[in-house]
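In: sequence and predicted model, in that order:
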Amino acid sequence: MVEVFTGRTLLNKDGDFVDPEEALRNKVVGIYFSAGWCPPCRDFTPILCDFYTELVDEGEPPAQFEIVFVSSDKSSDDMVEYYHDMHGDWLALPWTDDYKHELRQRYKITAVPKLVIVKENGDVITDKGRKQIRDRGLACFRSWLDAAEIFQNFKG
């Protein structure tokens, strides 16, 4: 269980509430700290979309990977617009959830974008997810999966 989101409710792109225990079980989780007003975020988000699509949407079987977007947008409307316009089909912490501040502290987020890759218990695998995806592409997922210590069905 991804303890980091225990007791929270996440959203999907349709605006439906999602139980994190079910959605994140037995997966490597990327916590994506980002904002629509941030040019480097708008630059990286499409790259992350491609990465996610290849691993999860087109993977056979789908890779054991999920992203949770934690917004640094100025308003709920800004977050929703950025999430719908640019993000992949992953999950998000609702903008109104103050837990985002605790997450920023826990993972020492001082600037966005930041992609922190965590194990099921919330322990950090790497806080350099963005750099690793840019440098290594899909190959970095294998090392995250090995570090995550979860049951694997990934063949890549």
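Out: Happy to help now that I have it.

In: rest of the way, CA atoms for contacts and neighbours
Out: Noted.

In: what strand or helix carries Asn121?
Out: If you go by DSSP states H and E, Asn121 is not part of any helix or strand.

In: for Leu103, see how far away it is.
Out: Plainly put, Asn121 is 14 Å away from Leu103 if you go by CA to CA, to the nearest Å.

In: who has more neighbours out of those two?
Out: Neighbour tally, Asn121 and Leu103, criterion other CA atoms under 10 Å: the higher count belongs to Leu103, 16 against 13.

In: in what helix or strand does that one lie?
Out: Counting by DSSP H and E, the element that carries Leu103 is helix 99-106.

In: ditto for Ile67
Out: Per DSSP H and E: strand 65-71 holds Ile67.

In: distance from that strand to the middle of the chain?
Out: Put simply, strand 65-71 sits 2 Å off its chain's centre (CA atoms, centre = their mean, to the nearest Å).

In: equivalent analysis for stretch 3-21, please.
Out: Worked out by CA atoms, centre = their mean, stretch 3-21 lies 12 Å from the chain centre.

In: wait, Gly137 sits on Asp50?
Out: No. Using CA atoms under 8 Å, Gly137 is not in contact with Asp50, being 9.8 Å away.

In: picking up where we left off before, show me what the mean pLDDT comes to for the helix holding Leu103.
Out: Per-residue pLDDT over helix 99-106 has a mean of 96.

In: before we move on, what about stretch 135-153?
Out: Stretch 135-153 comes out at a mean pLDDT of 87.

In: begin at 44 from here
Out: With the count now opening at 44, the last piece we talked about shows up as stretch 178-196.

In: pull the CA atoms of that stretch into PDB?
Out: Taking Å, rounded to 0.1, in the frame of the first residue of the first chain, the C-alpha atoms of stretch 178-196 are listed here in PDB:
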ATOM      1  CA  ASP A 178      18.600  11.100 -19.900                       C
ATOM      2  CA  ARG A 179      17.500   7.500 -20.100                       C
ATOM      3  CA  GLY A 180      13.900   7.300 -21.300                       C
ATOM      4  CA  LEU A 181      12.000   4.100 -20.600                       C
ATOM      5  CA  ALA A 182      15.200   2.400 -19.400                       C
ATOM      6  CA  CYS A 183      15.000   4.200 -16.000                       C
ATOM      7  CA  PHE A 184      11.700   2.400 -15.100                       C
ATOM      8  CA  ARG A 185      13.500  -0.900 -14.800                       C
ATOM      9  CA  SER A 186      15.900   0.400 -12.200                       C
ATOM     10  CA  TRP A 187      12.900   2.100 -10.300                       C
ATOM     11  CA  LEU A 188      11.000  -1.200 -10.400                       C
ATOM     12  CA  ASP A 189      14.000  -3.200  -9.100                       C
ATOM     13  CA  ALA A 190      14.400  -0.700  -6.200                       C
ATOM     14  CA  ALA A 191      10.700  -0.700  -5.400                       C
ATOM     15  CA  GLU A 192      10.700  -4.300  -4.000                       C
ATOM     16  CA  ILE A 193       7.300  -5.100  -5.300                       C
ATOM     17  CA  PHE A 194       5.900  -8.200  -7.100                       C
ATOM     18  CA  GLN A 195       6.800  -7.700 -10.800                       C
ATOM     19  CA  ASN A 196       5.000  -8.500 -13.900                       C
END
